[in-house]
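Q: Sequence below, structure please.
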Amino acid sequence: MQTQPSPTPAKKLDELVLVVKREHIIPATGLHGIMPVNEEHVVNTITAHQEYMPRSLAEHDTRYKQIIPYLIFTYDNKYFLMQRRSTASETRLCNKFSLGIGGHVRQEDLAIGATLFDLARREFTEEISYNGTLTVEPLGLLNDDTNEVGTVHVGLVMLLRGTHDTISIKSELKSGTLVDLATCKIHYQDLEQWSQIVVDYLAQH
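A: Next up is the predicted model:
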């Protein structure tokens, strides 16, 4: 008797994610690095031009940018430096060090009336254990078209200012610790590229 194959489960990559056409979010002059922006203006721009695309397609369509809230925790002039596990879901970032917690915005997320900033906080609490007050400070738009991942993503970088240093990792992260900017620079070559850009920006401001 021939055995029927089991149904293939739906892939997470096929979720519908928020995208905006490149020309609506990236200046005509181009952008590499972090560009300070007016919070209201960038949110209105995203809202006016938002589309949703299966993630499996969005990862390869350079006409669009996937909007990624990218969250940097800071307390007392230190930053929460994390390392991803070797089994991270985004294989291109396995074992990399990171300053940022980031995640895609799904269609169902905004359908319930949440804002980008609400979703950013939720993403943070899914990945990080922290019970203090958080003050959100938008840092700017981050773009890096020098690699495969960067060409289809743009980061909405936010500093999360905490009120104490009791913080730890969850989920697919391997480790996390509060360090000063000088220590971040020691790990610079092992940082994911977005975090390298953030370190360069913080060092200059």
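
Q: all helices for the protein, in order.
A: 22-25, 39-49, 55-58, 107-111, 116-127, 181-186, 193-204 (DSSP state H).

Q: Can you list the buried residues in the fifth one?
A: Translated: helix 116-127. Within helix 116-127, the residues that count as buried by 16 or more other CB atoms under 10 Å are L116, L119, A120, R121, E123, F124, E127. In short, each C-beta sits where N, CA and C put it, glycine included.

Q: same check, this time on the first one
A: Of the residues in helix 22-25, those buried by neighbour count under the rule 16+ other CB under 10 Å are R22, I25.

Q: contacting residues around it?
A: With contact meaning CB atoms under 8 Å, 6 or more residues apart in numbering, helix 22-25 is reached by T45, I46, A48, H49, T62, R63, Y64, K65, I67, L141, V154.

Q: run the last query once more with 10 Å
A: Residues from elsewhere that reach helix 22-25 (CB atoms under 10 Å, 6 or more residues apart in numbering): 19, 31, 37, 42, 45-46, 48-51, 61-65, 67, 141, 143, 145, 151-152, 154, 156.

Q: and what of the fifth one?
A: Residues from elsewhere that reach helix 116-127, judged by CB under 10 Å, 6+ apart: 18, 39, 42-43, 46-47, 67-71, 73, 82, 101-106, 109-110, 112, 114-115, 130-131, 134, 136, 138, 156, 158, 160, 169-173, 176.

Q: Select from the residues you listed every entry located in strands.
A: 18, 67-71, 73, 82, 101-102, 136, 138, 156, 158, 160, 169, 173, 176 (DSSP state E).

Q: Many thanks, I have nothing further to ask.
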